[in-house]
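In: fold the following for me, if possible:
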Amino acid sequence: MSRSLPTTADEIKTEFADRYNYFTLMRMVSESRGSSNQRGWCGYARKVMLTLGYPTETAEWSDDQTINYAQNIVMMG
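Out: Numbers count the residues shown, from 1 in each chain. Take a look at the predicted model:
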């Protein structure tokens, strides 16, 4: 994964087309539970999912829902 998080739609698509990078992002989201960084990681994960074409409902997920999703990805990883 890049040293800095991509911000534009094209950068996000390029970075996270690589499944390992997407897995790494979800690991970071999962590990953020209860930390001061939780809101930022969860918000960024939702932005990535929407950019990659996930259903628009993901934009409405709470941080807990986002972290639970991330934990599922990590457990399947």
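In: quick one: secondary structure of the closest residue in space to residue 73 that isn't next to it in sequence?
Out: Take residue 73 and drop its neighbours on the chain: the residue closest to it by C-beta to C-beta, 6 or more residues apart in numbering is residue 26, 4.2 Å away. For glycine as for every other residue, the C-beta is placed from the backbone atoms N, C-alpha and C. The three-state assignment at residue 26 reads helix, by DSSP: H, G, I helix; E, B strand; the rest coil.
In: give me the neighbour count for residue 66.
Out: For residue 66, the count of nearby residues is 24 (other C-beta atoms under 10 Å).
In: in this structure residue 6 contacts residue 14, no?
Out: Yes: here residue 6 reaches residue 14: they are 7.2 Å apart, a contact under C-beta atoms under 8 Å.
In: same drill for these two, tell me which one is more crowded.
Out: More crowded of residue 6 and residue 14, by other C-beta under 10 Å: residue 6, with 18 against 13.
In: need the three-state assignment for the more buried one.
Out: Residue 6 ends up coil, using three-state DSSP.
In: which residues does it contact?
Out: 12, 14-16 (C-beta atoms under 8 Å, 6 or more residues apart in numbering).
In: same deal with residue 69?
Out: So residue 69 contacts 26, 61 (C-beta under 8 Å, 6+ apart).
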